[in-house]
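[1] here is a sequence together with a model predicted from it:
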Amino acid sequence: MNVKKILVSQPKPASEKSPYYDLETKYGVEVVFRPFIKIEGLTAREFRQSKISIPDYSAIIFTARTAIDHFFRLCKELRVTVPDTLKYFCVSETVALYLQKYIVYRKRKIFFSESGKIEDLVPIILKHSKETYLMPISDVHNDKATVLDEHKVHYTKAVMYRTVSNDFQKGEKFDYDMLVFFSPAGVKSLVHNFPDYKERGIRIGAMGASTIAAVKDAGLDLDITTSAAAPSMAAAIDLFLRENGQPVLQSQEDDAAADAG
């Protein structure tokens, strides 16, 4: 079966140089970016029910840019003034630099892990053991905080946003030959949107152990995932199409022949 249309359950790439666009050029397939899930912030009223008082904390741990957005959004809605003395501990430099959207970066105490791993952020946090830490999270999250527990870091988790199903609208086409997932929540959303879903020959791709487990738990057959030979999802799709006889466009074949010559 030739694949004509692929749904990648992620937001559309900002760059036109995405490897998914290379798949379109190479095989003549149509790649549609359509998340199965979306992030929804808790309202100020909902957050108040947690009984967490943001001003009680002297430091904050950020593991994602989304957490930064919703922290400052809630502070604004709750009319909480973020003090200049607040210390920021970020899982990576990329996350730390994102703070520039809300604060004057050079005038704040900001720390981050050089490796992008929370494990390497812990030693920095432990050097500031007298701080009271708040950690904004989603209602559905990979429990990165486990390593904090192991090192007996005193902190409070604060759910500030949630992951919800990005429902398909009435009349929205579902004519895909391949679906690609990156989170268990995306797989859950598929089942939610199509309770009578049958595979109908649709190929399923998934990245990550928890996502793969969710695909299998939903009773779906896993056709595509990453490997040493194809470490990215785009590369895994390319390998799958090639091994299953997907025709390469003539121009691509001509270019390959020219390069070989």
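    Perfect, thanks for sending it.
[2] doesn't R34 make contact with S189?
    No. At 10.8 Å, S189 does not count as touching R34 under the criterion of Cβ atoms under 8 Å. Every C-beta, even on glycine, is put in place using the N, C-alpha and C of the backbone.
[3] between these two, what contacts are shared?
    With contacts defined as Cβ atoms under 8 Å, 6 or more residues apart in numbering, the residues shared by S189 and R34 are N166.
[4] neighbour count winner among those two?
    S189 (23 against 15; other Cβ atoms under 10 Å).
[5] show the average pLDDT along the helix or strand that one falls within.
    Assigned by DSSP states H and E, S189 belongs to helix 184-193. In this model, helix 184-193 has a mean pLDDT of 86.
[6] just checking, what packs against whichever helix or strand comes after that helix?
    The helix or strand immediately downstream of helix 184-193 is strand 203-206, counting by DSSP H and E. Applying 3 or more Cβ pairs under 8 Å, 6 or more residues apart in numbering; DSSP states H and E, one finds that strand 203-206 contacts strand 178-181, helix 209-217, helix 233-243.
[7] ranges for the helices of this protein?
    Taking DSSP state H as the test, the helices found in the chain are 19-27, 44-48, 65-77, 93-98, 122-126, 146-150, 184-193, 209-217, 233-243, 250-260.
[8] of all those, which lies closest to E172?
    Taking Cβ to Cβ, helix 184-193 is the member of those nearest to E172, at 9.5 Å.
[9] contacts for the closest one?
    Here helix 184-193 makes contact (Cβ under 8 Å, 6+ apart) with 9, 35-37, 140, 163, 165-168, 179, 181, 197, 206, 210-211, 213-215, 218, 220.
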